[in-house]
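Asker: next one to model:
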Amino acid sequence: MYLVLEESGLGRVLIEDRIRFVDLNHDDIYTVPNPNPGIYPGLHTLSFPHTLRKVDLVVSMPKLKTHHWVGVTLSMKNLFGVMPGIVYGWPKNVFHIAGIEQSILDINAALKPGMAILDGIVGMEGDGPIMGHAKSVG
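Answerer: Below is the predicted model:
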């Protein structure tokens, strides 16, 4: 993760502006009941990064892209990114195996994001999210 900050130049900006960086994959966690318990075994609770408890508003900011299992990934699927890797592993396949559509609904129902801002200037089409290609949408 820190290589990404260095290579992208974001690390320098964070330091200059005195903005604290938190890797949500390795943050302390808190656990809540799954809003739809019993639908599938093993996910009766959901664990989130503790930092999310400290914020006033959760804003989902996804890129517009296709996804081979769910068609497109927009603001709701984007919240897979906040699920801590130290709990769910990488690339968080536990949610895909448990039922990707239901997992998306459960995460959003438990976290209750307040806003979504979708970046669709350049999106992705094709066999995403890994094998797609850039598409200028404007």
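
Asker: only C-alpha atoms from now on, for both contacts and neighbour counts.
Answerer: OK.

Asker: what lies in contact with the helix or strand of the chain with the lowest mean pLDDT?
Answerer: Of all helical and strand segments in the chain, the minimum by mean pLDDT, DSSP states H and E falls on strand 71-73, at a mean of 76. By CA atoms under 8 Å, 6 or more residues apart in numbering, the surrounding residues in contact with strand 71-73 are 62-67.

Asker: pull the number of nearby residues for residue 96.
Answerer: 14 (other CA atoms under 10 Å).

Asker: point out where the chain drops to low pLDDT.
Answerer: For the chain, the stretches with pLDDT under 70 are 1, 37-42.

Asker: in it, which helix has the most residues?
Answerer: Counting residues, the longest helix found in the chain (DSSP state H) is helix 93-111.

Asker: not counting that one itself, show me its contacts.
Answerer: With contacts defined as CA under 8 Å, 6+ apart, helix 93-111 is touched by 32-36, 40-41, 43, 46, 70, 76-77, 79-80, 88.
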